[in-house]
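Asks: can you look at this prediction? I've put the sequence above it.
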Amino acid sequence: MTCFKLFYEELYPLRGDGPGRPEDNMMGILLRGGTLVLKGALVRADILVEGGRIARVGLSIDSGYSKTIDVRGRLVLPGALDPHVHGREPGLEYKDDFLHTTRAALLGGVTTILDMPN
């Protein structure tokens with residue numbers, strides 16, 4: 001299980017209320033002790049997310065935040081881009097639709113998709 005998948009499933013179970021809810025943007029979320037995959041290096045650090053954006057990266061960030069997720073032993077990767085996705089719309093929604101295509105991508109760590117025509 002990827003760190004992002006763990007992070008997303010803990011905060012936003014698949015029930016349609018994803019990031020952007022006002023109450024989530026009011027609190028800080030601390031990812032504690034992950035291994036960040038950076039250009040040319042693996043670095044152990046904490047990541048503080050505030051208002052849906054990375055606010056701080058460092059060691060031993062103060063844990064006085066509303067939500068702390070222990071990601072020790074997990075890799076923290078940037079979101080991936082999938083440039084070739086077939087979402088099956090329009091016309092083949094019985095196979096797949098945009099909502100489920102994008103949720104599946106997000107749970108796999110893909111933050112951007114380019115939807116191809118069928």
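Replies: Good, I have the coordinates. Numbers count the residues shown, from 1 in each chain.
Asks: pLDDT below threshold where in the chain?
Replies: 1-26, 63 (pLDDT under 70).
Asks: and the helices in it, which stretches?
Replies: 3-11, 22-26, 98-107 (DSSP state H).
Asks: ok, and for the longest one, which residues are buried?
Replies: Think helix 98-107. Applying a neighbour-count criterion of 16 or more other Cβ atoms under 10 Å, the buried positions in helix 98-107 are 101-102, 105-106. (Each C-beta comes from the backbone N, C-alpha and C, glycine too.)
Asks: neighbours of residue 115, how many?
Replies: By other Cβ atoms under 10 Å, the residues close to residue 115 number 15.
Asks: residues in contact with residue 72?
Replies: 32-34 (Cβ atoms under 8 Å, 6 or more residues apart in numbering).
Asks: ok, now residue 65?
Replies: So residue 65 contacts 27-30, 48 (Cβ under 8 Å, 6+ apart).
Asks: mind running it again at 7 Å?
Replies: With contact set as Cβ atoms under 7 Å, 6 or more residues apart in numbering, residue 65 has these partners: 27-30.
Asks: sort out for me which of the contacts of residue 72 are in strands.
Replies: Among those, the ones falling in strands (DSSP state E) are 32-34.
Asks: closest to residue 56 out of those?
Replies: residue 32 (12.6 Å; Cβ to Cβ).
Asks: wait, that closest one sits on residue 70?
Replies: Yes - with contact defined as Cβ atoms under 7 Å, residue 32 reaches residue 70; the gap is 5.1 Å.
Asks: if we can go back for a sec, can you flag which of the contacts of residue 65 belong to strands?
Replies: Using DSSP E, those in strands are 28-30.
Asks: of those residues, which is the most crowded?
Replies: In the ones in strands among the contacts of residue 65, the most neighbours by other Cβ under 10 Å go to residue 30, 24 neighbours.
Asks: understood, closing this out.
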